[in-house]
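S.K.: could you look at this predicted model? Sequence included:
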Amino acid sequence: MDMILQAGNLEKTYKRGAEVVYALRGINLEINYGELVAVLGPSGSGKTTLLQIMGCLDRPSGGELIIDGSAVETLSGSALESLRRDRIGFIFQQFQLVSSLNVQENVLLPLLFSRRKPDYAYLDNVLQTVGMEHRRKHLPDQLSGGEMQRVAVARALINRPGLILADEPTGNLDSENSSRIFELLKKLNQQGVTIVFVTHNHELADMAGKRIMIRDGSIEAVHAG
Ligand SMILES: Nc1ncnc2c1ncn2[C@@H]1O[C@H](COP(=O)(O)OP(=O)(O)OP(=O)(O)O)[C@@H](O)[C@H]1O
Ligand SMILES: [Mg+2]
């Protein structure tokens, strides 16, 4: 099996009062193990919606999604939750750190939900990977934006996911910190992690092996290489 994720005719509608918003209109895509994929498209085109559905943070209104060989629509709530927790790491544009928890506690948070014992050697490893081992007792408001995002990357890694979904991970960072986060994602990809990231930055997108262009809830084009 060489596909980590397969989407067939994925649809998502949001109801806003009497109005129906068609956020995704039949998305077909395949992502292989080990790929580095960029998702591009105008504001409101459906990129976040697509990532949230691929990450099982939200369910599609129609169509089929297969992750690691499991058809998501056939999974019970708890099976879906463990798939999301154990197999997928999420990185958000706004970092989404818990302000009352320090760096180390934020990174360990996903383990709390899966009721796993922290592997402190692996925690050290992950903090070193993102260059935050010297800040492990700092609270988020004692960190720079770039540091906060590095903590968020560490948190996404703590469950050793095979798939990382990153929604504009460098959208709130200056160019130096953007490159640093992107280098980190590339390094993880070279270690075998499949990565899908949303970006408006064409330079970063050009470094991906595959670029998916979205417009108005549909895939407009897929560029490889
Ligand atoms: N919870 C919601 N309820 C209603 N409509 C929504 C909801 N979330 C998103 N939408 C609508 O769905 C469409 C796609 O939104 P989405 O957030 O996926 O776009 P995006 O491509 O990520 O945009 P951006 O580049 O600005 O982040 C938009 O028209 C948006 O207004
Ligand atoms: Mg978005």
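M.R.: Received the coordinates, thanks. Ligands and ions are numbered 1, 2, ... in the order given.
S.K.: which other helices and strands does the top helix by length along the chain contact?
M.R.: Criterion DSSP state H: the longest helix present in the chain is helix 175-190. Here helix 175-190 touches strand 36-40, helix 120-129, helix 145-157, strand 163-167, strand 194-198, going by 3 or more Cβ pairs under 8 Å, 6 or more residues apart in numbering; DSSP states H and E. Bear in mind the C-beta positions are built from the backbone N, C-alpha and C, glycine included.
S.K.: helices or strands next to the first one in the packing?
M.R.: Which is strand 36-40. By 3+ Cβ pairs under 8 Å, 6+ apart, strand 36-40 packs against helix 47-54, helix 175-190, strand 194-198, helix 202-205, strand 210-215.
S.K.: count the neighbours of the residue nearest to residue 193 when sequence neighbours are not counted for me.
M.R.: Residue nearest to residue 193 in three dimensions, not counting chain neighbours: residue 164, with 5.7 Å by Cβ to Cβ, 6 or more residues apart in numbering. If you count neighbours by other Cβ atoms under 10 Å, residue 164 ends up with 23.
S.K.: right, and residue 164 touches residue 154 too?
M.R.: No. Using Cβ atoms under 8 Å, residue 164 is not in contact with residue 154; the gap is 11.7 Å.
S.K.: up against ligand 1, what does the protein have?
M.R.: Within the chain, the positions lying close to ligand 1 (Cβ under 6 Å from any ligand atom) are 14, 16, 21, 23, 41, 43-49.
S.K.: ends of stretch 148-166, what's the gap?
M.R.: 14 Å (Cα to Cα, to the nearest Å).
S.K.: just the buried positions in that stretch, please.
M.R.: 148-159, 161-166 (16 or more other Cβ atoms under 10 Å).
S.K.: of all residues in the chain, which one is nearest the centre?
M.R.: Nearest to the mean C-alpha position of the chain, by Cα atoms, centre = their mean, lies residue 165 at 1.7 Å.
S.K.: what sits against that one?
M.R.: Residues counted as contacts of residue 165 (Cβ atoms under 8 Å, 6 or more residues apart in numbering) are 51, 54-55, 88-91, 195-197.
S.K.: okay, now the closest residue to it other than its chain neighbours: neighbour count?
M.R.: Excluding its sequence neighbours, the residue lying closest to residue 165 (Cβ to Cβ, 6+ apart) is residue 55, at 4.6 Å. Number of residues near residue 55 (other Cβ under 10 Å) recorded here: 21.
S.K.: returning to what we had before: distance to residue 180 added to the helices and strands packed on helix 175-190, as TSV?
M.R.: As requested, these are exported to TSV (distance: least, Cβ to Cβ, whole Å):
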stretch	distance to residue 180
strand 36-40	17
helix 120-129	12
helix 145-157	6
strand 163-167	14
strand 194-198	14
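S.K.: kindly reformat these as JSON lines containing distance to residue 67 and mean pLDDT.
M.R.: Formatted as JSON lines, the helices and strands packed on helix 175-190 follow (distance: least, Cβ to Cβ, whole Å; pLDDT from 0 to 100):
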{"stretch": "strand 36-40", "distance to residue 67": "14", "mean pLDDT": "98"}
{"stretch": "helix 120-129", "distance to residue 67": "23", "mean pLDDT": "94"}
{"stretch": "helix 145-157", "distance to residue 67": "16", "mean pLDDT": "95"}
{"stretch": "strand 163-167", "distance to residue 67": "7", "mean pLDDT": "97"}
{"stretch": "strand 194-198", "distance to residue 67": "11", "mean pLDDT": "98"}
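S.K.: quick one: low-confidence parts of the protein?
M.R.: 1 (pLDDT under 70).
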